[in-house]
Structures are given as structure tokens and as C-alpha cells.
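[1] What would the 3D arrangement of this be:
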Amino acid sequence: MASTLPPQTQPIQPGLESEMRPAPDCKPRFPGVGRLAGQVALISGGDSGIGRAVAVAMAREGASIALLHTERERGDAIDTIEMIEAEGSHAMSLAGDIGEEAFCRHAVAAAIERFGRLDILVNNAAEQHPQDDLGAIDAGQLERTFRTNVFGYFFLTKAALPHLGEGAAIVNTTSVTAYKGSGHLIDYAATRGAIVAFTRSLADSLVSRGIRVNGVAPGPIWTPLIPASFPPDRVAEHGRSTPMKRPGQPNEVASCYVFLASKDASYMTGQILHPNGGTPVSG
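    Numbering: from 1, shown residues only. From the prediction side, this is the model:
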């Protein structure tokens, strides 16, 4: 079935899920079986989009959730916490900028204070700013995109590592653009490629500690980042270039994160999963 998204846009990033029409589908698609029972997950960008779907899916599997988000996304975060609690789990949220190392240290400390442990780290928050050519990407945009999409992953992982023991899991969000490129998202695609290398290198670094590190490279998913990045006509075409001719929903991606965080993936580290609507990738 081809995409039927109505044209729409949002004026600034981060976009808000509460303003999207139709609303993304973030409800878990399957019953929980306790795969993450008693564990604690910290999820950046956990208020909406893929992060929200991952948070609710992990909650359904028994995990307590700490969400990180920007101040502007506080309303979405409140909605997500209500969804987590409806699954019978516990949640907290913190607003701040993961591009600032001090905030990442504070966020991890707050999660430990609230829940007493940390078992799963999901590095997911990101931003993108389309430009038609490289010359239009100024130093400010380049630094901002890398600070959120790469520095934030490094900072949050550094803060979390002292609290992660044997059996813990780190799951990083990258993108199909890391593999096929994007002429309109050159700096964003570069950050996603960096995260693939970060994931594989960190996996090698931590394997002796029994900590697994994997990633997910989504294709075009219906999240707030889309109307906040593109003009209405491009939003209406989102996902049509995939073999499935449609965008994915966040809950079609979240199960990858649950799998990688659980013992179902106990023999996987340094790997990337590709929920992308059938787009061929290599590497």
C-alpha cells in the first residue's frame, strides 16, 4: 500500500508528536513475555517517535524507563510516561541537551538514584537539517548536528558505562542514510555513518566485560523529525521510494530494540538491524 500521508510541516525542531496527523503508531504489536523484567532502560529521545515506541515496548516487557528529551518536548514526554504506566511499569523523564556532557552525567545519576540500577542504554536522539548542497551547510549547523547525533551518544555512553554490568546492552540508532547516503542530508548521513563505526568499535571494546553493543538503522519512519525537517510536499511523499512504497511506523521498528536488548540476542554484538521497507543496503 502506498503512503497516504497528508501534507504538513512543523516550524522548528524537535517536532512534536502531538501535532502530527495521523498520529504515529507506537503501541506494541505483541503481548509482553517478561523478556526485560526487573531491568532499567535509559532512552534518549524517548518522548516521541521511535524512542516512544521503544520505551513502551520495553515497558511491556517489564523494564522501568528513564526518558531524556528537550524542554520543548515535555508534553510528549508526559504522554509517553502515561503510556508506560498503563503497561504496569515505572517511568521518569528529564529535560535537557544530550550534546552537553554535564547533562548526560546528571541524567544517568538521576536514573540510578530513582531506580538503583541501569541495564539498557538506548542512544536514539537525533536532529537533521536538509540542505541542497554542501556549501549551504555552515559551521554552526555542522557542529550542532554532530554534537547531538555523535557527541551525545559518546557523552551518554561514557556516563552510563560505570553502571553497566555483565549482561547489559547498548542499542544505538543509526539510519539507512549511513549505507545509501543522502544528497539532501549530507551532514546527518555522516553522523549516522559515524554511529555505525562507533557501534562496531564499542562492541569490540566492551565484549570482554559482557556488554553487548548493537544498532538499528531505520529507513523512512513516520516520526516528528519528518514534518519538522521537510516541506509539506516532501512529507506527503515520505516513504514512497522504498520497495514497500510507504513509511514505517515506530512500532514496526521498536521490536528490533527489544530483541537486541534482551537475551534473545545474547550471541549478537557489533551488529546492525535494518527495518527499512526493503531498501537494499550493504556494509
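
[2] Strands of the stretch 101-250 of the chain, start to end?
    In the stretch 101-250 of the chain, the segments counted as strands under DSSP state E, counting those that start in this stretch are 120-123, 169-173, 212-216.

[3] okay, the shortest one in CSV with CA atoms only?
    What that stands for is strand 120-123. Extracted in CSV, the C-alpha atoms of strand 120-123 (Å, rounded to 0.1, in the frame of the first residue of the first chain):
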residue,chain,number,x,y,z
ILE,A,120,20.0,-0.9,28.9
LEU,A,121,21.1,2.2,27.2
VAL,A,122,19.3,3.3,24.0
ASN,A,123,21.1,6.2,22.2
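
[4] for it, packing partners?
    Packing partners of strand 120-123 (3 or more CB pairs under 8 Å, 6 or more residues apart in numbering; DSSP states H and E): strand 40-44, helix 49-60, helix 152-160, strand 169-173, helix 251-261. Yep, even glycine has a C-beta here, placed from its N, CA and C like the rest.

[5] Just checking the distance from the last one to the centre of its chain.
    The chain centroid and the centroid of helix 251-261 are separated by 11 Å, computed with CA atoms, centre = their mean, to the nearest Å.

[6] Pull the residues that contact that helix.
    25-30, 35-36, 39, 41, 50, 53-54, 56-58, 61, 120, 122, 169, 171, 212, 214, 216, 218, 221, 265, 268, 271, 273, 275 (CB atoms under 8 Å, 6 or more residues apart in numbering).

[7] Can you select the buried ones from those residues in PyMOL?
    A single PyMOL command selects the buried members of the contacts of helix 251-261 (16 or more other CB atoms under 10 Å):
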select buried, resi 26+27+28+35+36+39+41+50+53+54+56+57+58+61+120+122+169+171+212+214+216+218+221+265+271+273+275
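
[8] quick one on the thing from earlier: could the strands of the stretch 101-250 of the chain be laid out in JSON lines, adding mean pLDDT?
    Formatted as JSON lines, these follow (pLDDT from 0 to 100):
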{"stretch": "strand 120-123", "mean pLDDT": "98"}
{"stretch": "strand 169-173", "mean pLDDT": "98"}
{"stretch": "strand 212-216", "mean pLDDT": "98"}
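
[9] Reformat those strands as a markdown table; add distance to residue 12.
    As requested, the strands of the stretch 101-250 of the chain are exported to a markdown table (distance: least, CB to CB, whole Å):
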| stretch | distance to residue 12 |
| --- | --- |
| strand 120-123 | 23 |
| strand 169-173 | 21 |
| strand 212-216 | 26 |
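
[10] which strands and helices sit next to whatever helix or strand residue 82 lives in?
    Residue 82 is part of helix 74-86 when elements are defined by DSSP states H and E. On a contact count with 3+ CB pairs under 8 Å, 6+ apart, helix 74-86 meets helix 49-60, strand 64-69, strand 91-95.
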